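Asker: Sequence and computational prediction follow.
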Amino acid sequence: MLPAGPGSSAARVVWDVSEQGRALLAVLFPHLAGLRVHRVEDAGDAVMIVASCQAGSACCPRCGQASARVHGGYARTVADGAAGGRPVLIVLQVRRFRCRNPECPAVTFAEQAEGVSARYRRRSVPLLAMLAGFGLELAGRAAARLAGTLGIAVHPATVLRLVAAAQAPEITAAPEVLGVDDFALAKGYVYGTVLVDMRTGDVAGLLPDREAASFEAWLTAHPGAGIICRDRAGNYAEGARAGAPDAIQVADRWHLWHNLAEYAEKTVAGHRGCLKDPPGGADGNDAPGPADTPGQEPPGQAQGGQVTPDGFLDACGRERRLVTRTRERYAEIRGRLDAGESLSAISRVTGLDRKTVQRFARAGSIDELLVKATSRESKLDEFRPYLHQRWNDGVTDAAALHAELREQGWAGSVQTVRRYVRPFRQAPAAPGPAPAVPKTRQVTRWLLSRPDRLQAGEQAQLEAIRARCPHIDALAGHVTAFAEMMTARTGSRDLEAWLAAVEADDQAGLRSLAAGIRNDMHAVTNGLTLHWNSGRVEGTASKIKMIKRQMYGRAGFDLLRKRVILHPA
């Protein structure tokens, strides 16, 4: 390619294109290979490529009949991808042809450069595809910013329109192995359903809700599912039974383990009092201790002595305000429920959050709520050794101790410190602090971890805990047996024996889990036997969360569905 000559303007340099130059342009811009490139112009802020079509005829876009009769022509500018950070403009010398079909409503039509231009488009076909790809990955604003760094000016709304116009693959049959799970459109309020091909990881469909009828309708319209991997939600189980009655349902092992972990944590919380030392030390804070029988006369109260508080009583032997308030709320909520009031109505009357009312309504008894209320860890636990040491050093003023604790990060009130040190005044010195009881979640983690992954100190503490509490010891045995069954996938052989052992035990939480498993026995057995699981579906749900947040919650379901389905697996 050589400059056009000395007559060219300094601000605008024009090159005529030789045969060698056309070959080079075809390498740099392969979509221009079918065009005849006449010249290249450097306009300073842009590069212009002047070209025309080489074909001698064109087909009418309405009737499809070819015509070689030229009616006229005009110059059409099409934006292309940037080169060297500068926009590239393709100036097409377009011809208009007369349609030779007398029955066609089109009298004339303009030719299109295949692979370069399209009707009513001011950007080239490759550029439109690139912007649509940016939109699929980054949504509107981020895609427009990325295009701007490449020298391509585009509005975010244009990018989203390109994504919405992209053609999604038509799915007529369900994958042989189908995964289903829900995802949050508006967390806590609106949920949708994602359907995934478990072999490839591609998204097969998105549903705007998680109802059984919607899932059933999709399966009916897309037959072919032989295995359905799901969580333990009843809606998906019901929809799968109705929409694909011959399919094998597989309950996800992670969800089964998660359910077991939830019940194990409740059991540990309910028996955490067994891990505390017997009353005799000073523990006068609001922190919970062993839950003695309510109404029992506290030891030492008849002699007028101070009483070490437990989970139900304070330092003076009175019932803790938390316990009293829990009893009153439970009685009121149960009474209103028996009278036929709804959860929302009770929430409005009592001034409690609806989730709090729901928690009280779902409790099987007041003891279940009191165990949670009185078995919580105390924020003062880590400061107890310091309090005992300072008391024995002669600092017996609660306000002074409270001030020292605040310097170390304590955010509680002075009353908590005063109640804790009150029993110390009846003794010549503060006793040594009781060993710290591991937190509920810490004990639960030890129970759910492989023994070889625990440190030596953690193993020793777990063995001591199991020796002190037979309920936790029995729980550890059930957890170990379930883990071995799940890891070796021997559910078809060992699940019934595990359920029988749990049902013969006196742990209400695990018995509730066993009852739920029996209601979904076939799917759970398959989940503990077959190698399929819902890992791909969970990963896709996390990806949907990322895609949804990219659009700041302002995009509709249709656009989200298009981005999820077209997004690569």
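Answerer: Cool, the structure landed. Remember, it's a predicted structure, so these values are computed and weren't measured experimentally. Numbering: from 1, shown residues only.

Asker: pLDDT below threshold where in the stretch 451-569 of the chain?
Answerer: Where the stretch 451-569 of the chain drops to pLDDT under 70, the residues are 569.

Asker: 90 instead?
Answerer: Applying pLDDT under 90 to the stretch 451-569 of the chain flags the ranges 451-452, 457, 468-470, 505-512, 545-559, 562, 566-569.

Asker: where exactly do the helices run in it?
Answerer: Here the stretch 451-569 of the chain has its helices, by DSSP state H, counting those that start in this stretch, at 456-468, 470-488, 491-504, 508-519, 521-527, 535-550, 557-566.

Asker: Check the stretch 51-200 of the chain too.
Answerer: Using DSSP H, counting those that start in this stretch, the helices of the stretch 51-200 of the chain run over 125-149, 156-165.

Asker: looking at the helices of the stretch 451-569 of the chain, which is closest to residue 325?
Answerer: Nearest to residue 325, of all the helices of the stretch 451-569 of the chain, is helix 508-519, at 24.4 Å by C-beta to C-beta. C-beta coordinates here come from the backbone N, C-alpha and C atoms, glycine included.

Asker: What residues sit buried inside that closest one?
Answerer: Neighbour-count burial for helix 508-519, counted by 16 or more other C-beta atoms under 10 Å, picks out 509-511, 513-514, 517.

Asker: Kindly report the same for stretch 230-242.
Answerer: Quick answer for stretch 230-242 (16+ other C-beta under 10 Å): 230-233, 235-237, 239-240.

Asker: Kindly report the same for stretch 515-535.
Answerer: Residues of stretch 515-535 classed as buried under the neighbour-count rule (16+ other C-beta under 10 Å) are 517, 520, 523-530, 532-534.

Asker: quick one: which of these is nearest residue 163?
Answerer: Ranked by distance to residue 163 (C-beta to C-beta), the buried residues of stretch 515-535 are led by residue 534 at 27.9 Å.

Asker: Please name the residues that touch that closest one.
Answerer: For residue 534, the contacting residues are 179, 181, 229-231, 252, 254-255, by C-beta atoms under 8 Å, 6 or more residues apart in numbering.

Asker: 6 Å - rerun?
Answerer: 179, 229, 252 (C-beta atoms under 6 Å, 6 or more residues apart in numbering).

Asker: In the protein, what residue spans correspond to strands?
Answerer: For the chain, the strands defined by DSSP state E cover 2-3, 13-16, 35-42, 47-53, 58-59, 66-67, 70-83, 86-98, 108-110, 177-186, 190-197, 203-207, 227-230, 248-251.

Asker: Distance to residue 423 added to the buried residues of stretch 230-242, as TSV?
Answerer: Shown next, in TSV, are those (distance: C-beta to C-beta, whole Å):
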residue	distance to residue 423
230	55
231	50
232	48
233	51
235	54
236	55
237	55
239	60
240	60
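
Asker: could those residues be laid out in CSV, adding pLDDT?
Answerer: Output for those, formatted as CSV (pLDDT from 0 to 100):
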residue, pLDDT
230, 92
231, 88
232, 85
233, 82
235, 90
236, 92
237, 92
239, 93
240, 93
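
Asker: biggest separation within these, which pair?
Answerer: Largest separation among these by C-beta to C-beta: 232 and 239, giving 13.6 Å.

Asker: circling back to that earlier point, so which of the contacts of residue 534 wins on neighbours?
Answerer: Counting neighbours by other C-beta atoms under 10 Å, residue 179 leads the contacts of residue 534 with 30 neighbours.

Asker: ok, that residue - contacts?
Answerer: Contacts for residue 179 (C-beta under 6 Å, 6+ apart) come out as 196, 198, 229, 534, 536-537.

Asker: burial count for the residue lying closest to residue 538 once chain neighbours are set aside?
Answerer: Distance criterion C-beta to C-beta, 6 or more residues apart in numbering; nearest residue to residue 538, sequence neighbours excluded, is residue 181 at 6.7 Å. Residues lying near residue 181 (other C-beta under 10 Å) number 23.

Asker: residue contacts, residue 181?
Answerer: By C-beta under 6 Å, 6+ apart, the contact list for residue 181 reads 194, 537, 541.

Asker: Tell me who's in contact with the second one.
Answerer: Residue 537 makes contact with 179, 181, 196 under the criterion C-beta under 6 Å, 6+ apart.

Asker: Pick out whichever of the buried residues of helix 508-519 sits closest to residue 444.
Answerer: Closest approach between the buried residues of helix 508-519 and residue 444, by C-beta to C-beta: residue 509, at 11.9 Å.

Asker: and that closest one, what does it touch?
Answerer: By C-beta under 6 Å, 6+ apart, the contact list for residue 509 reads 263, 266-267.

Asker: Which residue is the nearest non-sequential neighbour of it?
Answerer: Nearest one to residue 509, counting by C-beta to C-beta, 6+ apart, is residue 263 at 4.0 Å.

Asker: how much space between the one you found and residue 444?
Answerer: Look at residue 263 and residue 444: by C-beta to C-beta, to the nearest Å, they are 10 Å apart.

Asker: Check residue 106 too.
Answerer: Applying C-beta to C-beta, the value for residue 106 to residue 444 is 74 Å.

Asker: okay, the two: which has more neighbours?
Answerer: It is residue 444, of residue 106 and residue 444, that has more neighbours when counted by other C-beta under 10 Å, with 22 against 14.

Asker: Could you count how many residues lie near the closest residue to that one other than its chain neighbours?
Answerer: With C-beta to C-beta, 6+ apart as the criterion, residue 444 has its nearest non-adjacent residue at 4.5 Å, and that residue is residue 265. By the measure other C-beta under 10 Å, the count of residues near residue 265 is 18.

Asker: can you pull the pLDDT of residue 265?
Answerer: Note on residue 265: pLDDT of 89.

Asker: Isn't it up against residue 443?
Answerer: No: in this structure residue 265 lies outside contact range of residue 443 using C-beta atoms under 6 Å: 8.7 Å.

Asker: got a markdown table for the helices of the stretch 51-200 of the chain, with distance to residue 34 too?
Answerer: Converted to a markdown table, the helices of the stretch 51-200 of the chain look like this (distance: least, C-beta to C-beta, whole Å):
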| stretch | distance to residue 34 |
| --- | --- |
| helix 125-149 | 12 |
| helix 156-165 | 24 |
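
Asker: now for those, which one comes closest to residue 395?
Answerer: Nearest of the helices of the stretch 51-200 of the chain (C-beta to C-beta): helix 125-149, 58.7 Å.

Asker: from the chain's centre, how far out does the closest one sit?
Answerer: 26 Å (C-alpha atoms, centre = their mean, to the nearest Å).

Asker: now the angle from that helix to helix 535-550?
Answerer: Angle, helix 125-149 to helix 535-550, by axes from the mean of the first three to the mean of the last three C-alpha atoms, to 10 degrees: 60 degrees.

Asker: same question for helix 125-149, mean pLDDT?
Answerer: Mean per-residue pLDDT for helix 125-149: 92.

Asker: Residue 414 against residue 402, yeah?
Answerer: Yes: in this structure, residue 414 is within contact of residue 402 by C-beta under 6 Å, at 4.2 Å.
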